[in-house]
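[1] okay, predicted coordinates and the sequence, questions at the end:
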Amino acid sequence: MWSALPRRFALLTALIASAALAADREQNDVRILLLSEHPDNATHRVYVVGQVITSLRFEKPVDPSKTRLLGWEGRFEPLGVVGRKVILEPIRDLASDEGVPLLVTLADGTEVPFLLRPAGEGQRPDQQVNVFRDSESYGAMASVLDRMKKEVGLLREENERLRKEETSEDHALASLLVAGAVAQTPFTAEETVSSKDPDAEIVAVLFRGKGKAAVVFNVKNLHAERPWSVRRVHLTVPSTGRVRTAVFRSTAPEFTPGTSGVVAIVTDGSEFTEEGRLTNLFLEVYRHDGLRTAFMTLEHQLIGQ
């Protein structure tokens, strides 16, 4: 439970955030599965997570009378077949050693076996899997091309981010905060709030600066198996939804089970301006599995103006 909930911001634990299901995920993940890339009669794995829908999309209609999920009772909602789609929803997370067989039969009689498995450590679950039998079909080639374009775009964004970090003042300040060298920054602590859930114990400190604002998270990973890390930070203007820039630094790429670490987020005062006026900003923090683990309102008074 939270020790106190200041007016300025509120954090959500991962436990609460999980109740929001896919609405709290940053975006749907689409994976392409080319059956011709695998041996004949291979069992293809699909990775699922509790209370999140996973859909399999095929090139041809699916025969619902011959498509079945084996041993699903108590672990999955009833199987759904709609046209070319098979819809799955686990009632709970599967245990690490669990696997549920799924046999999909297409209208032309083609049988495609799958094994439903829990998403592993640091792995994103499948939310949509586009299944193609022929790698040279138009649909398969278009999907692969689209995937390649997205991957190239992500690489370009990452290269640009790394280039900016070399000379960024905000990244330098975040590094100092992560190292605990607050005295070497323009920041003073404003408010503190703490939280504890089955996955992590978090203490967040909100900092006021001269033309800057910052938040520092002190995180202890309580999970017995999975590492904890920040996947993405999202900063927006509440009234318009326009995206603003925030940078973050961490003491490690991920915090292994039982260890602690620090994550610092810094944003410049110029980001608090909207149409010539000062405005508050809304900060969201997404953890390793895509769930929103924290959110807060950053008031423009934090930048000392």
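    Perfect, I can see it now. Numbering: from 1, shown residues only.
[2] what are the boundaries of the helices in the stretch 1-150 of the chain?
    Ranges of helices in the stretch 1-150 of the chain, per DSSP state H, counting those that start in this stretch, are 14-18, 138-165.
[3] any idea which of the ones you listed scores lowest on pLDDT?
    Here the helices of the stretch 1-150 of the chain differ in mean pLDDT, and the lowest is helix 14-18 at a mean of 35.
[4] how near is the residue most central in space within the chain to residue 298?
    The centre of the chain sits closest to residue 290, judged by Cα atoms, centre = their mean, with a distance of 1.4 Å. According to Cβ to Cβ, to the nearest Å, residue 290 and residue 298 sit 22 Å apart. For every residue, glycine as well, the C-beta is placed using N, CA and C.
[5] with residue 152 instead?
    33 Å.
[6] looking at the two, which is more packed in?
    A direct count of neighbours by other Cβ atoms under 10 Å for residue 152 and residue 298 places residue 298 higher, at 24 against 10.
[7] hmm, that one is touching residue 283, no?
    Yes: Residue 298 lies in contact with residue 283 (Cβ atoms under 8 Å); the separation is 5.6 Å.
[8] what about residue 236, neighbour count?
    15.
[9] in stretch 55-63, which residues are buried?
    55-58, 62-63 (16 or more other Cβ atoms under 10 Å).
[10] quick one: secondary structure of residue 258?
    coil (DSSP: H, G, I helix; E, B strand; the rest coil).
[11] show the contacting residues for residue 189.
    By Cβ atoms under 8 Å, 6 or more residues apart in numbering, the contact list for residue 189 reads 182, 205-208.
[12] what's the spacing between residue 55 and residue 81?
    Counting by Cβ to Cβ - residue 55 and residue 81 are separated by 11 Å.
[13] between these two, which contacts overlap?
    With Cβ under 8 Å, 6+ apart as the test, residue 55 and residue 81 both reach residue 87.
[14] so which elements touch the helix or strand containing residue 286?
    Secondary structure from DSSP states H and E places residue 286 in strand 281-287. Using 3 or more Cβ pairs under 8 Å, 6 or more residues apart in numbering; DSSP states H and E, the elements in contact with strand 281-287 are strand 230-236, strand 260-268, strand 292-298.
[15] could you dump the ones you listed into JSON lines with distance to residue 77 added?
    JSON lines is the format used below for the helices and strands packed on strand 281-287 (distance: least, Cβ to Cβ, whole Å):
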{"stretch": "strand 230-236", "distance to residue 77": "27"}
{"stretch": "strand 260-268", "distance to residue 77": "36"}
{"stretch": "strand 292-298", "distance to residue 77": "24"}
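[16] of all the ones you listed, which lies closest to residue 214?
    strand 260-268 (4.7 Å; Cβ to Cβ).
[17] what angle sits between that closest one and strand 281-287?
    150 degrees (axes from the mean of the first three to the mean of the last three Cα atoms, to 10 degrees).
[18] touching the helix or strand following strand 260-268 from outside, list them.
    Sequence-wise, the next helix or strand downstream of strand 260-268 (DSSP H and E) is strand 273-274. Residues outside strand 273-274 that contact it (Cβ under 8 Å, 6+ apart): 237, 239-240, 242, 279.
[19] quick one: mean pLDDT over strand 273-274.
    On average, strand 273-274 scores 91.
[20] so what are the sheet partners of it and their directions?
    strand 277-278 (antiparallel) (DSSP bridges).
[21] send me stretch 185-194 as CSV with only the CA atoms.
    Listed in CSV are the C-alpha atoms of stretch 185-194, where the atom choice follows Å, rounded to 0.1, in the frame of the first residue of the first chain:
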residue,chain,number,x,y,z
THR,A,185,22.7,19.1,-10.0
PRO,A,186,20.2,22.0,-9.9
PHE,A,187,17.6,19.8,-8.2
THR,A,188,16.1,19.7,-4.7
ALA,A,189,13.8,17.0,-3.5
GLU,A,190,10.1,18.1,-3.4
GLU,A,191,8.1,15.0,-2.5
THR,A,192,8.5,11.3,-1.8
VAL,A,193,6.0,8.4,-2.2
SER,A,194,6.5,4.6,-1.8
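[22] which parts of it are buried?
    For stretch 185-194, by 16+ other Cβ under 10 Å, it's 185, 187, 190, 193.
[23] contacts only, for residue 287.
    14, 228-231, 293.
[24] now residue 245
    Counting by Cβ under 8 Å, 6+ apart, residue 245 has contacts 235, 267-268, 271.
[25] closest one to residue 178 out of those residues, please.
    residue 267 (15.4 Å).
[26] wouldn't the closest one be in contact with residue 170 here?
    Yes: at 7.1 Å, residue 267 and residue 170 qualify as touching, with contact defined as Cβ under 8 Å.
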